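J.: task: produce atomic coordinates for the following.
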Amino acid sequence: MNEIIKKIEAEQLKSEVTKFNVGDTIRVHNRIKEGNRERVQVFEGIVIKKQGGSNRETFTVRKTSNGIGVEKTWPLHSPNVVDIDVVRRGKVRRAKLFYLRDRVGKAAKVKEKMR
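T.: Residues are numbered from 1 along each chain as shown. Here you go, the predicted structure:
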């Protein structure tokens, strides 16, 4: 890859990023701008996928809200992602947890990793 592109991408990386994996339950603090006001909204759910690398790395979080599955995807190094808190570590054997889309209730749970 071109050295100029590498330099530009390196400037866009965040210095401190929380380490989390697929299957973890995380709380994403997202900055939302409404008109001239700004607020932080929290989205809590299970990480079903991580992909990409460098400043293009994204992650997708899924939660069930009022019986409806909601998925959101964020760039990991986005300035709109204020903070990421890991609530629980999940024990999974897959890189992508798309099978959770077909599950309902307790079947959609991920086992917790014991330390």
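
J.: just say helix, strand or coil for Thr64.
T.: strand (DSSP: H, G, I helix; E, B strand; the rest coil).

J.: per-residue confidence for it?
T.: According to the prediction, Thr64 has pLDDT 93.

J.: ok, now Lys113?
T.: 89.

J.: can you check Met1 too?
T.: Met1 carries a pLDDT value of 66.

J.: kindly report the same for Pro79.
T.: Confidence score, pLDDT, at Pro79: 91.

J.: so it belongs to a helix, correct?
T.: No. Assessed with three-state DSSP, Pro79 is coil; it does not lie in a helix.

J.: return the residues in contact with it.
T.: Counting by Cβ atoms under 8 Å, 6 or more residues apart in numbering, Pro79 makes contact with Arg31. Backbone N, C-alpha and C define where each C-beta goes, glycine included.

J.: how about it, phi and psi?
T.: The phi and psi values for Pro79, taken as degrees, to the nearest 10, are phi -70, psi -20.

J.: how far away is it from Lys72?
T.: 16 Å (Cβ to Cβ, to the nearest Å).

J.: again with Asp102
T.: Asp102 is 19 Å from Lys72, by Cβ to Cβ.

J.: show me which of those two is the more surrounded one.
T.: Lys72 (13 against 9; other Cβ atoms under 10 Å).

J.: hmm, that one is touching Thr60, no?
T.: Yes. In this structure Lys72 lies within contact range of Thr60 using Cβ atoms under 8 Å: 7.0 Å.

J.: can you name the next helix or strand after the least confident helix or strand in the chain by mean pLDDT?
T.: Sorting the helices and strands of the chain by mean pLDDT, DSSP states H and E puts helix 3-12 at the bottom, at a mean of 87. Remark: after helix 3-12, the chain's next helix or strand is strand 25-34, criterion DSSP states H and E.

J.: who does that next one pair with, and is each partner parallel or antiparallel?
T.: Strand pairing for strand 25-34, determined by DSSP bridges: strand 37-51 (antiparallel), strand 81-88 (antiparallel).

J.: I appreciate the help and will end here.
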